[in-house]
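# I'll drop the sequence and a predicted model, then ask my questions.
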Amino acid sequence: MYYKLGISKFNEHLIDVELNFQAEWENPILELPNWTPGSYKIRDYSKNIINITCDYPISKLSKHQWKITSAKNTNIVVKYQVYAFELTVRTSYLDNLYGLLTPASIFFYISDNNNQIDNKGNQIEIDIRIQKNWKIFCTLNYTNSKYLAINYDELIDSPIGLAHENGYELLEYEIDEIPCEVVLIGVKGNQNIGKFKDDLIKIQKYSIKLFGELPYDRYLWVLYVVGKGRGGLEHKKSNFSIINRWAFNNDEDKYNELIELEAHEHFHAYNIKRITLDKFGPFDYSKENYTKLLWVAEGITSHYDKVTLPRAGISDEEYYWKNVSQSYLTLLKIEGRKIKSLSEASFDAWIGLYQPHEGSHNFDISYYLKGGLVSLMLDLEIRHQTNWENSLDTFYLELYRLFKTERFRYTDENFKQKLEEITNTNLDKFWKKYIIGVDELDFEYYLDLIGMKIEYKFEKTPYLGVVLDSSKQNVLKVRSNSPAMKGGIYSKDKIISINQFEINKSTYDTIFKNLKSNEIVKIHFIRDQVLKMVEIQLEDPIISKIKIIPNESSSDIVKNRRKLFLMQSK
């Protein structure tokens, strides 16, 4: 297959595509993916395919399939355009300063529905035509002025960054003789690309300490610096991120969040891109690919993105525990933790995490958030059972060895067994409680194993159970079993007054500070342009802040284990 991309219609946000191929079957079918690996949502990329033509009769079979009426071995030319104006790491974007081409949204593969076969194993050439004052960033092999993918999966895993000469900043470096590039694309903010590069190198050096080597022969960090937006997507030889252009210098916490994002995507170069599920490649791009182990893909990675910073010498211990504290507080505010297990949340990702609604927090849970906290507990459980001889590090180091020597892939069915076998543990109780069950996390027990404890602070006002927008009037969410839900307040209601006092941004705090627990209040609100009133009994204040701090009464052995935990271990 040979693709030619014409990149010139910047202000129209259109990519001109020409596809040349020889039909391996009679009446071949063009198929465009409905999703892209690493982002578990049907995205219907075909909605942005326009003006498709062919030198043979072509007709649409479904939302993402086109049938070409031709004989076998016919040389076929297909031309079409792709509308690209959605800047996320899962979609394509083009303007007169930069572009991001997500392959799943642009490139077809060819199938024969009669025999249920396709050409995804074939080599693919891509010729990108763009003005000379633009730069292309891509990890595909570049030969004879063309990019070469050994198969369709490699193409889909190789996004293409584009930047006008005035729209990017680039640094090149080597680590262990592996060439790397970090590029910041977009209108410059407060970045110090030199310092940023140094911290990325620290992430890579930590990875070498953990796994013994970097898993790639080159690596590309591509970050789009924007006014609003955040996200990242992992690939075998790169990661593409969208970050705030002011995240680099002025606020240490914001900068650390940026580094965590990069640590997260880089850890994926091992976890998922190499150490992975049996069903994660070759992919079926036409429909959902289900697994109960997305908490392993993203939750364990979320655990490592946090712990990488102190282990790599990027942040201190205090920041790490502050970060974990905030995650735990966030979890405690999500009622869905009592309803849906990590296994279920993983399986339901396609209709859950990526498609939330105003009630999702009461029924669903993020396998990133809870998965990260449970992975921390799992690490400590393994260490505790083996008297600190083994850990999650032990497990991943061995899985990486098995990947290199046997191309080993775990399954939904054998992951737990493999974990127990490698770490010499019995995790039946842990699994029943925290992976397939919805028990409350015994977080304090696990923190105590490394000499830490939790300090709780509570709100100074009684509990109503609503989440309001910035106006302090419009109800965004109502928490399960809260006074508001029991009393009949709904999402999308607009609260007008409490006890006949007007509620708004300037009065909210004053009014609530003068209310008491168990007090019955009259709330007036508007629903569907109708004024309504309910009486609600307020409840005791809920937790407002969590701080994980050292337990000074812990033994020296336990305190030393905390230090060991925040260092690279075996």
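Yep, that arrived. Every value quoted in this text rests on a predicted model; they were computed, and no experiment measured them.
# and for the top helix by length along the chain, what's in contact with it?
When every helix of the chain is counted residue by residue (DSSP state H), the longest turns out to be helix 193-211. For helix 193-211, the surrounding residues in contact (C-beta atoms under 8 Å, 6 or more residues apart in numbering) are 169, 171, 173, 175-176, 180, 182, 184, 214, 219, 221, 248, 259, 262-263, 266-267, 269-270, 308, 311-314, 393, 396-397, 400, 568. Backbone N, C-alpha and C define where each C-beta goes, glycine included.
# so which bits of the strand or helix carrying Ser346 are buried?
Assigned by DSSP states H and E, Ser346 falls within helix 342-347. By neighbour count on 16 or more other C-beta atoms under 10 Å, the buried set for helix 342-347 is 342-347.
# picking that back up, just the buried ones from the contacts of helix 193-211?
169, 171, 180, 182, 184, 214, 219, 221, 248, 259, 262-263, 266-267, 269-270, 308, 311-312, 314, 393, 396-397, 400.
# can you check the pLDDT for the closest residue to Gly227 other than its chain neighbours?
Nearest residue to Gly227 in three dimensions, chain neighbours excluded: Arg245, at 6.6 Å (C-beta to C-beta, 6 or more residues apart in numbering). Per-residue confidence for Arg245 comes out at a pLDDT of 94.
# how long is stretch 474-494 end to end?
Looking at stretch 474-494, the gap from its leading to its trailing residue is 4 Å under the measure C-alpha to C-alpha, to the nearest Å.
# let's verify Thr330: helix, strand, or coil?
For Thr330, the secondary-structure state derived from DSSP: H, G, I helix; E, B strand; the rest coil is helix.
# and for it, the neighbour number?
14 (other C-beta atoms under 10 Å).
# which residues touch it?
Leu369.
# just the element for Asn323, please.
For Asn323, the host element (DSSP H and E) is helix 317-332.
# flag every buried residue along that helix.
Under the neighbour-count criterion of 16+ other C-beta under 10 Å, helix 317-332 has 319-325, 327-329, 331-332 buried.
# domain parsing for the protein?
The chain breaks down by automatic domain parsing into domains covering 2-164, 168-267, 294-456+547-565, 466-541.
# could you dump those to a markdown table with distance to Ile275?
As requested, the domains of the chain are arranged in a markdown table below (distance: least, C-beta to C-beta, whole Å):
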| stretch | distance to Ile275 |
| --- | --- |
| domain 2-164 | 15 |
| domain 168-267 | 9 |
| domain 294-456+547-565 | 5 |
| domain 466-541 | 37 |
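# quick check: closest non-adjacent residue to the residue in the chain sticking out farthest from the centre.
Note on the chain: the largest C-alpha distance from the chain mean falls to Gln500, namely 44.7 Å (C-alpha atoms, centre = their mean). Distance criterion C-beta to C-beta, 6+ apart; nearest residue to Gln500, sequence neighbours excluded, is Lys522 at 7.0 Å.
# hmm, Ile498 and that neighbour touching each other?
Yes: with contact defined as C-beta atoms under 8 Å, Lys522 and Ile498 form a contacting pair (7.2 Å).
# which one of those two is surrounded by more residues?
Under the criterion of other C-beta under 10 Å, the comparison of Lys522 against Ile498 puts Ile498 first, with 22 against 12.
# surely the more buried one meets Glu519?
No: Ile498 lies out of contact with Glu519 (C-beta under 8 Å); the separation is 10.3 Å.
# give me the phi and psi for Glu260.
Backbone geometry at Glu260, expressed as degrees, to the nearest 10, gives phi -60, psi -40.
# contact partners for the residue nearest to it when sequence neighbours are not counted?
Distances taken as C-beta to C-beta, 6+ apart place Asp305 nearest to Glu260, at 4.7 Å, with adjacent residues excluded. The neighbours of Asp305, taking C-beta under 8 Å, 6+ apart as the test, are 260-261, 263-264, 267.
# wait, is Asp305 part of a helix?
Yes: Asp305: assigned to a helix according to three-state DSSP.
# that one and Asn133: what is the separation?
In this view, Asp305 and Asn133 are 36 Å apart by C-beta to C-beta, to the nearest Å.
# which parts of the stretch 351-500 of the chain are strands?
Taking DSSP state E, counting those that start in this stretch to define them, one finds strands in the stretch 351-500 of the chain at 452-458, 466-468, 475-478, 494-498.
# so for Asp379, which of the ones you listed sits nearest?
Closest to Asp379 of the strands of the stretch 351-500 of the chain, according to C-beta to C-beta: strand 452-458, at 13.7 Å.
# which strand or helix spans the nearest residue to Ile106 once chain neighbours are set aside?
Using C-beta to C-beta, 6+ apart and skipping the chain neighbours, the partner closest in space to Ile106 is Val82 (5.2 Å). When elements are assigned from DSSP H and E, Val82 belongs to strand 75-83.
# after the longest helix of the chain, next one along is what?
strand 219-226.
# quick one: contacts of that following strand?
87, 98, 100, 137-139, 159, 161, 178-189, 191, 200, 204, 237-245, 262, 269.
# so which of those residues sit within strands?
98, 100, 137, 161, 178-185, 238-244 (DSSP state E).
# drop anything exposed from those.
For the ones in strands among the contacts of strand 219-226, a burial check counting by 16+ other C-beta under 10 Å picks out 98, 100, 137, 161, 180-185, 238-244.
# for the helix holding Asn323, what is the average pLDDT?
Averaged over helix 317-332, pLDDT sits at 97.
# that helix to strand 452-458, inter-axis angle?
Computed with axes from the mean of the first three to the mean of the last three C-alpha atoms, to 10 degrees, the direction of helix 317-332 lies at 50 degrees from that of strand 452-458.
# using PDB, list the CA coordinates for helix 317-332.
Taking only C-alpha atoms (Å, rounded to 0.1, in the frame of the first residue of the first chain), the coordinates of helix 317-332 have been written out as PDB:
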ATOM      1  CA  GLU A 317       9.000  12.600  49.400                       C
ATOM      2  CA  GLU A 318       6.600  15.300  50.600                       C
ATOM      3  CA  TYR A 319       5.200  16.000  47.200                       C
ATOM      4  CA  TYR A 320       4.700  12.300  46.500                       C
ATOM      5  CA  TRP A 321       2.600  11.800  49.700                       C
ATOM      6  CA  LYS A 322       0.700  15.000  48.900                       C
ATOM      7  CA  ASN A 323      -0.100  13.600  45.500                       C
ATOM      8  CA  VAL A 324      -1.300  10.300  47.000                       C
ATOM      9  CA  SER A 325      -3.300  12.100  49.600                       C
ATOM     10  CA  GLN A 326      -5.200  14.100  47.000                       C
ATOM     11  CA  SER A 327      -5.900  10.900  45.000                       C
ATOM     12  CA  TYR A 328      -7.300   9.200  48.100                       C
ATOM     13  CA  LEU A 329      -9.500  12.200  48.900                       C
ATOM     14  CA  THR A 330     -10.800  12.200  45.400                       C
ATOM     15  CA  LEU A 331     -11.700   8.500  45.600                       C
ATOM     16  CA  LEU A 332     -13.600   9.000  48.900                       C
END
